[in-house]
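Chemist: Make a model of this:
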Amino acid sequence: MNKELTILQADALALLKELIATPSFSKEEEKTAGVLARFFATRGIAATWVGNNIFALNKYYDESKPTILLNSHHDTVRPNPQYTKDPFQPLTEDGKLYGLGSNDAGGCLVSLIATFLYFYEQENLNYNIIVAATAEEEISGTGGIEYALTYLPQINCAIVGEPTQMQMAVAERGLMVLDCTSHGKAGHAARNEGENAIYKALKDMEWFRTFQFEKVSPLLGPSKMNVTVIETENKAHNVVPAVCRFVVDTRINELYSFEEVIDIIRSHVACEVKPRSTRLRSTSIALDHPLVKAGLSLGREYYGSPTTSDKALMPFPALKMGPGDSARSHTADEFISLDEINQGIELYIQLLNQVV
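Modeler: All right, here's what the predicted structure looks like:
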């Protein structure tokens with residue numbers, strides 16, 4: 001395996017350098033999709049291209065078997081203005097590879113692709129393995145994993161590649177943005193007329209500030225709510241506003257459904273409450289799931305992640321795990337170490353060997 005592993009690691013590094021050199025902002029990932037499609041084609045692997053997503057099935061895919069999805073994204077944010085290096089010039093220096101998307105999540109993606117290649121031609125696996133390089137993760141867009149899943153066979157579980165230092169994120173907070181509207185009655189401020197919608201909103205905002213959800217997760221802690229935007233339609237200083245709108249950012253642990261949270265909120269506030277979206281739900285994978293048990297046997301630790309990923313859009317158990325460090329994501333002069341990639345590939349293979 002050592003020689004094969006060395007080849008896989010070299011190929012992964014070369015692919016990552018090519019991806020870094022190819023701009024792939026969210027919704028503009030056509031060129032990196034092309035890079036990935038060519039990568040599979042040159043190895044004789046049939047890959048499917050839908051939207052800006054690329055996926056491939058193992059050679060001996062058998063629809064009677066359960067399926068594991070290996071997924072990470074190939075879109076990036078725009079480069080931080082404080083970059084001192086060219087974000088699109090892959091630069092290897094002191095054992096580190098610099099470049100936009102190297103850490104989030106290029107290192108994860110190429111490590112998962114290398115893992116897929118390792119298992120691609122193996123027969124008699126207990127699981128099918130599908131690899132998917134998807135788009136729009138950084139903006140939680142509908143053209144990424146959500147769209148790709150409509151073309152994929154049934155998936156039983158997944159490994160989602162995000163930089164976790166190869167530790168296991170078994171739970172994620174959900175994100176739900178609420179648009180709230182308080183209604184009053186317009187009037188002239190000088191005559192103290194009307195019913196001030198701002199004052200009504202303030203009562204509700206104070207509730208959002210002080211309320212504590214009863215269920216506290218051992219992995220993610222309490223669910224949290226923060227008022228982040230407030231506005232009225234008034235332009236004149238002397239008119240009591242009839243309407244006040246405000247936005248609440250909610251971060252929900254895995255012990256609550258979004259529907260439960262909305263019901264709790266509506267039972268306590270007077271304002272109208274409308275969720276913008278309920279797509280990015282809190283998620284968890286059982287600690288006795290085969291993927292988690294395999295990771296534990298390899299000395300990996302588990303934790304709850306405060307950040308969301310494409311895991312939130314998957315209707316099946318998913319383990320978030322990958323090389324790199326989340327603290328480097330979206331920073332200037334982003335990098336991943338070569339050792340992190342090499343060890344990531346090795347650990348992914350060791351983990352799947354115990355399952356498939």
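
Chemist: Which secondary structure elements does the helix or strand hosting Val247 sit against?
Modeler: Following DSSP states H and E, one finds Val247 within strand 243-252. Strand 243-252 is packed against strand 174-183, helix 197-210, strand 224-232, helix 258-266, with contacts defined by 3 or more Cβ pairs under 8 Å, 6 or more residues apart in numbering; DSSP states H and E. Where you see a C-beta, it was placed from the backbone N, CA and C, and this is true even at glycine.

Chemist: Residue ranges of each domain in the protein, please.
Modeler: Here the domain parsing of the chain from automatic domain parsing is 2-172+282-355, 174-275.

Chemist: looking at those, which is buried most?
Modeler: Scoring the domains of the chain by mean neighbour count under mean count of other Cβ atoms under 10 Å gives domain 2-172+282-355 as the most buried, with a mean of 20.

Chemist: Can you get me the start-to-end distance on it?
Modeler: In terms of Cα to Cα, to the nearest Å, the two terminal residues of domain 2-172+282-355 are separated by 21 Å.

Chemist: from the chain's centre, how far out does that domain sit?
Modeler: In terms of Cα atoms, centre = their mean, to the nearest Å, the centre of domain 2-172+282-355 is set 11 Å apart from its chain centre.

Chemist: Now do the residue nearest to Glu30 when sequence neighbours are not counted against Val77, distance only.
Modeler: Among residues not flanking Glu30 along the chain, Asn52 sits closest, at 5.9 Å (Cβ to Cβ, 6 or more residues apart in numbering). Counting by Cβ to Cβ, to the nearest Å, the gap from Asn52 to Val77 is 16 Å.

Chemist: what about Ala132, distance to Thr22?
Modeler: 18 Å.

Chemist: and what of Asn58?
Modeler: Distance from Asn58 to Thr22, by Cβ to Cβ: 26 Å.

Chemist: Phi and psi next, for Arg191.
Modeler: Phi and psi for Arg191, reported as degrees, to the nearest 10, are phi -100, psi 10.

Chemist: Quick one, grab the pLDDT at it.
Modeler: pLDDT, Arg191: 80.

Chemist: which other helices and strands contact the lowest-mean-pLDDT helix or strand in the chain?
Modeler: When each helix and strand of the chain is scored by mean pLDDT, DSSP states H and E, strand 187-188 comes last, with a mean of 86. When contacts are defined as 3+ Cβ pairs under 8 Å, 6+ apart, strand 187-188 sits against strand 239-240.

Chemist: Sheet-wise, list the partners of the strand it packs on with their directions.
Modeler: Within its sheet, strand 239-240 is paired with strand 187-188 (antiparallel), according to DSSP bridges.

Chemist: And the nearest residue to Tyr127 once chain neighbours are set aside, how close does it get to Val160?
Modeler: Closest residue to Tyr127 apart from its sequence neighbours, by Cβ to Cβ, 6+ apart: Val356 at 4.4 Å. According to Cβ to Cβ, Val356 stands 17 Å off from Val160.
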